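Undergrad: predicted model and sequence below, questions to follow.
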Amino acid sequence: MTSHDLAIVGPTASGKSALALELARRHRDLEVVSVDSMQVYRGMDIGTAKPSPADRAEVPHHLLDLVDPEEEFSLARFQAAARTALAGIRSRGHRALFVGGTGLYLRAVVDDLDLPGRYPEARATVEAQPDTEHLHRRLAALDPAAAARMEPSNRRRVVRALEVTLGSGRRFSSFGPGLGAYPPSPCIQIGLRVPAPVLDDRIAARLTFMLDAGLLDEVGTLASRQRTLSATASQALGYRELLDHLGGRCSLEEAVEEAVRRTRRFARRQLRWFRRDPRITWVDVGDGTDDVVAPVDDLLRDWSSCG
């Protein structure tokens, strides 16, 4: 094998973690690096499909359990943690196997994105305006390219873009080459493509499995903590809906139905994100991941023989 890092990407429930674990078993110089924006939170294990203690004992895993769920966790913090993890992997003569569905996290590391800083005073000014769509119109006037990339109702993203634009004096969209650029990368990226009906079924079945494994109790433990969950953690798939149920705002059945619907929508957004990247080689997945291990191994051998 050459010294290329690898990345396994795709929508939630497509079998990325299972494939990554099997590849790491076959290629012992691989160490798994999570690129999942929710697996960074301690105590959010079942609902984020975090690798089991046994899997983590068998294969080195990185960028899990970095912060408590009451903390906000930024892209810049993830990028810094990933650089530290990669330095350790390189020092052991090993390669990184990135696995996860948070495309922006992967781009931040693989493409070494130029990330903007934090501007608390500008953010406070922006946050004082409660009308998110008004903020989006303001962003559209200052940075049309950034505004076009986000929904007018997505307050977190709109506020962040305005914070940077006002605080730095630079358009938010000006940082780095932009997400529309896909420069050559030494990282081999493999995408898992699952037929939509199969993926929908797997998403529903996985949530049932998580509930059987104790997800409701896990969410109840988080809800009982003295400190409020961060805005990001409280919006995690499955967690938000079960928090609503525990708060008496819906039945368990309604919470589960909404979690499945929202996860299916999220999976389609993930696919749209990854499909834009021409560097990803796609592999079709059927009802399971066993049938994809051999084709991926063949791809890796082909890339290795090409140097």
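TA: On my side now, so go ahead.
Undergrad: kindly list the longest helix within this protein.
TA: Taking DSSP state H as the criterion, the chain has its longest helix at helix 252-275.
Undergrad: and the average pLDDT for it is what?
TA: Here helix 252-275 scores 97 as its mean pLDDT.
Undergrad: list the helices and strands it packs on?
TA: In terms of contacts (3 or more Cβ pairs under 8 Å, 6 or more residues apart in numbering; DSSP states H and E), helix 252-275 is packed against helix 103-110, helix 196-212, helix 239-246. C-beta coordinates here come from the backbone N, C-alpha and C atoms, glycine included.
Undergrad: relative to the whole chain's centre, how far out is the longest one?
TA: Pointing back at helix 196-212 there. Relative to the chain's own centre, helix 196-212 is displaced by 18 Å; criterion: Cα atoms, centre = their mean, to the nearest Å.
Undergrad: nearest residue to residue 167 other than its sequence neighbours?
TA: In this structure, residue 167 finds its nearest non-sequential neighbour in residue 119, 2.4 Å apart by Cβ to Cβ, 6 or more residues apart in numbering.
Undergrad: could you check how far that neighbour is from residue 127?
TA: Per Cβ to Cβ, to the nearest Å, residue 119 is found 12 Å from residue 127.
Undergrad: any regions of this protein where pLDDT drops low?
TA: Applying pLDDT under 70 to the chain picks out residues 1-3, 176-178, 287-291, 294, 301-307.
Undergrad: nearest residue to the residue positioned nearest the centre of it in space, please, no chain neighbours.
TA: Most central in the chain under Cα atoms, centre = their mean is residue 102, positioned 2.2 Å from the mean C-alpha point. Leaving aside its chain neighbours, residue 102 sits nearest to residue 37 (4.4 Å; criterion: Cβ to Cβ, 6+ apart).
Undergrad: where does that neighbour land in three-state SS?
TA: Recorded secondary structure, residue 37: coil (DSSP: H, G, I helix; E, B strand; the rest coil).
Undergrad: what about the helices in this structure?
TA: All helices of the chain, identified by DSSP H, fall at 16-26, 53-58, 75-91, 103-110, 120-127, 132-142, 144-148, 155-168, 196-212, 215-223, 239-246, 252-275, 290-305.
Undergrad: which one of those helices lies nearest to residue 185?
TA: With Cβ to Cβ as the measure, helix 103-110 is the member of these nearest residue 185 (5.5 Å).
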